[in-house]
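>>> sharing a model prediction with you, sequence too.
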Amino acid sequence: AQTVTQSQPEMSVQEAETVTLSCTYDTSENNYYLFWYKQPPSRQMILVIRQEAYKQQNATENRFSVNFQKAAKSFSLKISDSQLGDTAMYFCAFMFHGSGNTGKLIFGQGTTLQVKP
Amino acid sequence: KAGVTQTPRYLIKTRGQQVTLSCSPISGHRSVSWYQQTPGQGLQFLFEYFSETQRNKGNFPGRFSGRQFSNSRSEMNVSTLELGDSALYLCASSRGGGGKNIQYFGAGTRLSVL
């Protein structure tokens, strides 16, 4: 069974600084996708970034980037130039790409990030 | 383009009752997935529907059921409510359901069971 672990329940960072959120996962599959979603107090889950496991290049979206280490099964999220609007709960998620497993995201327990002015 | 719409936003029910939640996906999306979010268990997958067929199911009792209509709108039903069913229920839509298709989430329905 696939599992996703986020070992940092809470983190804080000063505005404009950089913060890294950790995520590890466990799977025996080779073909999968990894995601970071953010859930602000409004509860709307928003996709931050996505990584395809067969791509070695780390995904980047503006101030957000990942460090994907497939052998170590690690998928950390780096937020540069943190902004107050980045305050949210961040979820790492995994989806195995295969028949019979459609539509199912497996989530970690989440990391609450607070950006301080 | 309108996002994923879930109704109602809040519900209060008593034990033993049943409840139906609705999810309207983004136009053109045919896959709808449902998740339960609680402080203790986190986010857990309930089931996924595509073209009116349930393709995938999580580990929830039979009291949790769903369906999808020809316009891709989906409903989730919980019968014989228990206190432990109090949760935020999220639905997400995507074009095809696989990992290459991003899931877009609604704002959720907060269900409280008294």
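Received it, and whenever you're ready, just let me know what you need. Numbers count the residues shown, from 1 in each chain, chains lettered A, B, ... in the order given.
>>> skip ahead from the helix or strand bottoming out on mean pLDDT in chain A and say which helix or strand is next.
Scoring the helices and strands of chain A by mean pLDDT, DSSP states H and E places strand A:60-61 at the bottom, with a mean of 92. Per DSSP states H and E, the first helix or strand lying C-terminal to strand A:60-61 is strand A:64-69.
>>> so what strands line up beside that following strand?
Strand pairing for strand A:64-69, determined by DSSP bridges: strand A:60-61 (antiparallel), strand A:74-79 (antiparallel).
>>> out of the ones you listed, deepest packed?
strand A:74-79 (a mean of 20; mean count of other CB atoms under 10 Å in any protein chain shown). Glycine gets a C-beta too; all of them are placed from N, C-alpha and C.
>>> chain center to it: distance?
Put simply, strand A:74-79 sits 6 Å off its chain's centre (CA atoms, centre = their mean, to the nearest Å).
>>> and the contacts of it?
When contacts are defined by CB atoms under 8 Å, 6 or more residues apart in numbering or on different chains, strand A:74-79 is touched by residues A:13, A:18-25, A:34, A:36, A:48-49, A:51, A:63-69, A:86, A:90, A:92, A:113.
>>> A:Gly85: what secondary structure?
Using DSSP: H, G, I helix; E, B strand; the rest coil, the structure places A:Gly85 in helix.
>>> out of the strands paired with strand A:64-69, name the one with the poorest average pLDDT.
The stretch with the lowest mean pLDDT among those is strand A:60-61, at a mean of 92.
>>> contacts for it, please.
Strand A:60-61 is contacted by residues A:48-49, A:66 when judged by CB under 8 Å, 6+ apart.
>>> contacts only, for the one residue sitting closest to the centre of chain B.
What sits nearest the mean C-alpha location of chain B, by CA atoms, centre = their mean, is B:Trp34, with 3.3 Å. Taking CB under 8 Å, 6+ apart, we find B:Trp34 in contact with B:23, B:45-48, B:66, B:74, B:76, B:89-92.
>>> from these, pick the one nearest chain A.
Distance to chain A, by CB to the nearest CB, is smallest for B:Glu48 among the contacts of B:Trp34, at 2.9 Å.
>>> look up which residues are beta-bridged to A:Phe91.
A:Tyr37.
>>> what's near enough to touch it?
A:6, A:36-39, A:45, A:107-108, A:110-111, B:43.
>>> count the neighbours of B:Asn71 for me.
10 (other CB atoms under 10 Å in any protein chain shown).
>>> tell me how far it lies from chain A.
Distance of B:Asn71 to chain A, given as CB to the nearest CB, to the nearest Å: 18 Å.
>>> tell me the SS of that residue?
B:Asn71, by the three-state scheme (three-state DSSP), is coil.
>>> in the chain, which spans are strands?
You didn't pick a chain, so chain A it is. A:3-5, A:10-14, A:19-21, A:24-26, A:32-39, A:46-52, A:60-61, A:64-69, A:74-79, A:88-96, A:106-107, A:111-116 (DSSP state E).
>>> looking at chain B here, not the other one
Per DSSP E, chain B carries strands over the ranges B:5-7, B:10-13, B:19-24, B:31-38, B:42-50, B:53-57, B:64-68, B:74-78, B:87-94, B:104-105, B:109-113.
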